[in-house]
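**Student:** coordinates only, sequence not included:
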């Protein structure tokens, strides 16, 4: 099973649009108000290091659309987005992840450590 995700710069406010609306506009390539961020590329590079099989649907200076499959990939994606000061949006549950959580960090670092060992 594949989970679609989107990452973008949190500094953008698009007419008080909800994350779901921003996501739909991104899918239709109708978004021009997102601000570019070097952190998008950093996030992408860090995500590909442990998960080179991540399916990318669109990589831009303003946002990234990708699909991931495993629970561990989702956890690491959330962690890396927050680490790089980005918003990660999960359209399956209509939820934004942008706040630091000690539990998320601990779990993600444990996963990444195990991947480096193998």
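**Tutor:** Perfect, I can see it now. Here the structure is a predicted model, which is why all the values come from computation and not from measurement. Residues are numbered from 1 along each chain as shown.
**Student:** Where does pLDDT dip in this protein?
**Tutor:** Flagging of the chain using pLDDT under 70 yields the residue ranges 1, 12-17, 32.
**Student:** let's go with 90 and repeat that
**Tutor:** Residues of the chain meeting the criterion pLDDT under 90: 1-3, 8-37, 53-64, 66-71, 87, 93, 95-105, 108-109, 114-118.
**Student:** Show me the strands in it, by range?
**Tutor:** Applying DSSP state E to the chain gives strands spanning 3-8, 55-59, 63-68, 87-90, 95-97.
**Student:** So what touches the shortest one?
**Tutor:** What that stands for is strand 95-97. For strand 95-97, contacts defined as C-beta atoms under 8 Å, 6 or more residues apart in numbering pick out 19, 78, 81-82, 87-90. For glycine as for every other residue, the C-beta is placed from the backbone atoms N, C-alpha and C.
**Student:** Next: the second one.
**Tutor:** Identification of contacts with strand 55-59 by C-beta under 8 Å, 6+ apart yields 2, 4, 26, 40, 44, 64-68.
**Student:** what do you get if the cut-off is 10 Å, keeping everything else the same?
**Tutor:** For strand 55-59, the external contacting residues (C-beta atoms under 10 Å, 6 or more residues apart in numbering) are 2, 4-7, 26-27, 29, 40-41, 44, 47-48, 64-69.
**Student:** what's the closest of the strands of the chain to residue 107?
**Tutor:** Nearest to residue 107 among the strands of the chain is strand 95-97 (13.0 Å), distances taken as C-beta to C-beta.
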